[in-house]
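[1] Could you work out the structure for the sequence below:
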Amino acid sequence: MKILGILGAHKQTGLTAQMLSAVLEGVPAPHTTETIYLEDYDFHPDQINHRDPILDQLTDKLLESDVWILAAPTYWGGLSGRMKDFLDCMRGRLVRFDHKGGTHPDRFENKHYMSITSCYAGTFENFVSGITDNSFRTIDKIMSAAGLIKIKELVLPGTLFMKQIPATKLAECKRLGSKLITKPKRDDNTLKRYIELFCMIAVMAFLTMGIQFLFHLVSASEFWVVYASFVLIFFVLLASILHFFTVVKHRRR
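    Reported below is the predicted structural model:
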């Protein structure tokens, strides 16, 4: 298995780069690793009658790799320009377009990826405001369109005056690197889980209100109206909370 690190940062030895290196160091033998420093590549978007040769080189590296690690700092609440430029230039290669302009996964489908970012904001500020969320969301949107499967995301907050990465964070990087070889399978059971959740809520609500009815806490004339409204409201609220913590909310510490 080959793990490919893609660094989109101004400094080749900065804190984001060090995190990427630590993750790659954790990858056990005989699996191989390689790092692409995007500043070393003068790529440009493909033209109608001309494919960019530098993008050809990078595309080959992406195809040869099983796992991509996209590492870029967060600037102004968004993904760094170099990484975003790379992903923009690769748009026509990451996906295929139908006659209506819709995107579909292409040759990179079912590969895996991990995201790494950093920001000046402290741990508490980033946890509360989610400054790095847009960076992760941008990567996730593009990778999802290309058909890649997400493994993990990693963030380093409070980098403004940071001289070196804390030992605990480096240990976490290496630990995650050692797990990259056990790639998760694509999970397509989301709808099934929501249906199961609805059924569980419906059964538990029926039993709860049945007990209330036996003790005359709910009248017979109101039972089904109250039951239906309770199940629907409770399901919507619980599903929204679960969706936020499992999909929307990104790693912030």
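[2] Compute the mean per-residue pLDDT across the strand or helix carrying Tyr194, please.
    Using DSSP states H and E, Tyr194 maps to helix 190-214. Helix 190-214 carries an average pLDDT of 85.
[3] Tell me which residues are up against it.
    With Cβ atoms under 8 Å, 6 or more residues apart in numbering as the test, helix 190-214 has contacts from 218, 220, 223, 226-227, 230-231, 234-235, 238-239, 242. For every residue, glycine as well, the C-beta is placed using N, CA and C.
[4] and that helix, which residues are buried?
    Neighbour counts using 16 or more other Cβ atoms under 10 Å place 198, 201-202, 205, 209, 213 of helix 190-214 among the buried residues.
[5] again, but for stretch 76-96
    By neighbour count on 16+ other Cβ under 10 Å, the buried set for stretch 76-96 is 79-80, 82-87, 89-90, 93-95.
[6] For these, work out which two are farthest apart.
    Spatial extent of those (Cβ to Cβ) is set by the pair Ser80 and Val95 at 21.8 Å.
[7] where do the strands sit along the stretch 51-200 of the chain?
    Ranges of strands in the stretch 51-200 of the chain, per DSSP state E, counting those that start in this stretch, are 67-71, 74-75, 78-79, 95-97, 103-105, 112-118, 149-156.
[8] how about those strands in JSON lines, adding distance to Ser129 and mean pLDDT?
    JSON lines is the format used below for the strands of the stretch 51-200 of the chain (distance: least, Cβ to Cβ, whole Å; pLDDT from 0 to 100):
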{"stretch": "strand 67-71", "distance to Ser129": "22", "mean pLDDT": "98"}
{"stretch": "strand 74-75", "distance to Ser129": "12", "mean pLDDT": "96"}
{"stretch": "strand 78-79", "distance to Ser129": "14", "mean pLDDT": "96"}
{"stretch": "strand 95-97", "distance to Ser129": "31", "mean pLDDT": "95"}
{"stretch": "strand 103-105", "distance to Ser129": "30", "mean pLDDT": "94"}
{"stretch": "strand 112-118", "distance to Ser129": "15", "mean pLDDT": "97"}
{"stretch": "strand 149-156", "distance to Ser129": "13", "mean pLDDT": "95"}
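[9] wait, Ser118 sits on Leu156?
    Yes - counting by Cβ atoms under 8 Å, Ser118 does reach Leu156; the two are 4.0 Å apart.
[10] shared neighbours, these two?
    Common neighbours of Ser118 and Leu156, using Cβ under 8 Å, 6+ apart, are 15-16, 19.
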